[in-house]
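# Pasting a predicted model and its sequence here:
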Amino acid sequence: METAGVEITIDKSRCRYSMYDPLGCKRCLATCPLAIFATRPVQKRDFNRPLEEVVDPTLWELLTPWQDMCNGCGACVRACPTQAITVKIDGKAIS
Ligand code: SF4
Ligand code: SF4
């Protein structure tokens with residue numbers, strides 16, 4: 001069920017997500033019951049460009065592409081070890 005007025009913000013200066021570091025954090029991804037979070041490479045690969053212009057495949061970022069489906073349970077906020085996530089429902093932050 002879609003929740004109106006949801007806004008999820010990730011403070012990237014606090015987030016410790018890492019695709020390749022086995023010790024990198026993935027708690028929000030593992031915790032969210034609705035799989036709101038997702039990841040993707042920072043730079044897009046363009047196969048038409050020469051090989052020497054290949055992008056760095058080790059750089060990934062955390063996104064919230066399904067945030068309009070968030071139910072406001074707050075599990076990700078509580079699970080985040082660095083307080084990097086803010087979830088607001090109709091402008092009010094949940095904890
Ligand atoms: S508040 Fe709950 S449903 Fe919303 S993104 Fe966080 S864990 Fe997922
Ligand atoms: S739980 Fe917090 S630190 Fe960990 S990946 Fe999610 S936003 Fe980043």
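That came through, no problem. Ligands and ions are numbered 1, 2, ... in the order given.
# close to ligand 2, is the helix or strand encompassing Leu29?
Using DSSP states H and E, Leu29 sits within helix 27-31. Yes: for helix 27-31, a contact with ligand 2 is found by Cβ under 6 Å from any ligand atom, at Arg27, Cys28. C-beta here means a position set from N, CA and C on the backbone, and glycine is covered the same way.
# Outside of that helix itself, list whatever touches it.
Phe37, Ala38, Thr39, Leu62, Ala75, Cys76, Ala79, Cys80, Pro81, Ile85 (Cβ atoms under 8 Å, 6 or more residues apart in numbering).
# Please apply the same query to stretch 70-82.
1, 3, 6, 8, 14-16, 25, 27-28, 30-34, 36-37, 85-87, 89, 94-95.
# and the end-to-end length of that stretch?
Start and end residues of stretch 70-82 are separated by 21 Å (Cα to Cα, to the nearest Å).
# buried residues in it?
Cys70, Ala75, Cys76, Val77, Cys80 (16 or more other Cβ atoms under 10 Å).
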